[in-house]
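Undergrad: Predicted structure and sequence below. I'll ask about it afterward.
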Amino acid sequence: MVAIRKQCLNCGNEFERHVYGKKLQPGARPPLFCSSKCAAQAQWKGHKATQRQMVRDKTHPLAGKNGRMFVYRKALYDAIGPGPHPCHWCGETVEWKTNGDRIGALIADHLDGDHTNNTAENLVPSCQNCNVLRGMVASWEERTGRHISLLRYTP
């Protein structure tokens, strides 16, 4: 048995792994993380899904059963109220929903496309179709380097 001492690439803690036999088997990689939790955290670092922060407020109307909601939904609700509201892009009537039903649901859309900018001035009510379309257009523009003026916000 051989003990390998390494530093975790995620948390920086030093850890020790035991390898049975005299050395690592051919093709085997030495461990990079101290635990599977650190490996999972490292995999998701910088991923867009991790940038969507949640806040806990059990008394808020948009809070789920556990009292949590996305920061951008809370910011927009606090700015515009319960609704219903027209979609910023097409005018369709949308309303706040917390039960997972997407039909007619109000989606907080970021005007500048930056999901970390959760100021009330950057958030507008949007329907599902317009929100998805804006995302597809932005992805296409980023991928191709060409711009189309469909549903794009220009200050």
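TA: Everything's here; your move. Numbering: from 1, shown residues only.

Undergrad: Report the secondary structure state of residue 32.
TA: coil (DSSP: H, G, I helix; E, B strand; the rest coil).

Undergrad: Please list all residues in contact with it.
TA: By Cβ atoms under 8 Å, 6 or more residues apart in numbering, the residues touching residue 32 are 6, 8, 9, 39. Backbone N, C-alpha and C define where each C-beta goes, glycine included.

Undergrad: mind redoing it with 6 Å?
TA: Counting by Cβ atoms under 6 Å, 6 or more residues apart in numbering, residue 32 touches residue 9.

Undergrad: what's the domain layout of this protein?
TA: As assigned by automatic domain parsing, the chain contains the domains 2-45, 50-144.

Undergrad: gap between the last one and the chain center?
TA: Pointing back at domain 50-144 there. Centre-to-centre, domain 50-144 and its host chain are 12 Å apart (Cα atoms, centre = their mean, to the nearest Å).

Undergrad: which of the domains of the chain sits most buried?
TA: Among these, domain 50-144 has the highest mean neighbour count (mean count of other Cβ atoms under 10 Å), at a mean of 15.

Undergrad: And the strands in this protein?
TA: Per DSSP state E, the chain carries strands over the ranges 2-7, 14-19, 54-56, 68-70, 85-86, 93-94, 107-110, 123-126.

Undergrad: In TSV: those strands, plus mean pLDDT.
TA: Listed next are the strands of the chain as TSV, based on pLDDT from 0 to 100:
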stretch	mean pLDDT
strand 2-7	80
strand 14-19	81
strand 54-56	86
strand 68-70	89
strand 85-86	96
strand 93-94	95
strand 107-110	92
strand 123-126	95
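
Undergrad: right, so of those strands, which gets closest to residue 146?
TA: Closest approach to residue 146 among those (Cβ to Cβ): strand 107-110, 21.8 Å.
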